[in-house]
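Peer 1: dropping a prediction and its sequence here:
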Amino acid sequence: MMRQPLCKSLVLLCFLSFILIAIPQPAAHAGFFDRINDIYNTPKKIEELEQKYIEAQEAIAGHQQQLEESARVAAEYAQKQKELLEQNEQLIAQNASMQAEMERMKQERSSLVSKLINTVIIIVAVFIAYIVAIRVWRYVAWRKHRSTRGRGISG
C-alpha cells in the first residue's frame, strides 16, 4: 500500500517537471522545445556564422587593401611634397640671387646716371665758361683797340 502513493507522487512529480520544462520561460531563457529545436538547427546556425565569418574576413581584406593603397598614396604625396619643398628652397635661393643682381644693376644704373649728369653739368659749365671767356676777350680787345685808335698813325 505504501508503494502506490509513492508511485503516484513520483508520476505526478515527473509530470509536473515535464510541464515546467515544456512551458516557455521568460525571454531570457529558452524553453525545452526551443533548446531541442536549437540543437537540430545548430548546423544551419554554424553555416550562417561561417558565412558571416567569411564575409567579415573579406571585408577586412578589402579594408586592408584600401589601407595599403591609402598608405601608398600618402607616401607618394609625402615624396611629392618633399620634392616641392626642395624646389621651393631652390627658387627662394634663385630669387634672392636675382634680387641681389637687380639691386647691383640699380646701383650701377644710378651710378651711370649720376656720372652722366655730372658730365653734362661739366660740359655746360665749360661751354658757359668758353662763352664768357670769348665775351671777356672781345671786350678787352675792343677796349684795347679803342684806346689805341686815337693814338694811331693817322691821328
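Peer 2: Everything's here; your move.
Peer 1: which strands and helices sit next to the host helix or strand of Ala125?
Peer 2: Per DSSP states H and E, Ala125 falls inside helix 32-149. Counting contacts by 3 or more CB pairs under 8 Å, 6 or more residues apart in numbering; DSSP states H and E, helix 32-149 packs against helix 3-22. Every C-beta, even on glycine, is put in place using the N, C-alpha and C of the backbone.
Peer 1: give the other helices and strands that the helix it packs on contacts.
Peer 2: If you count contacts as 3+ CB pairs under 8 Å, 6+ apart, helix 3-22 packs onto helix 32-149.
Peer 1: can you check what angle separates the helix it packs on from helix 3-22?
Peer 2: Relative orientation of helix 32-149 versus helix 3-22 (axes from the mean of the first three to the mean of the last three CA atoms, to 10 degrees): 20 degrees.
Peer 1: by mean pLDDT, which helix or strand of the protein comes out lowest?
Peer 2: Every helix and strand in the chain was compared by mean pLDDT, DSSP states H and E; the lowest is helix 3-22, with a mean of 82.
Peer 1: now that one, how far from the centre of its chain.
Peer 2: Relative to its parent chain, helix 3-22 has a centroid offset of 82 Å by CA atoms, centre = their mean, to the nearest Å.
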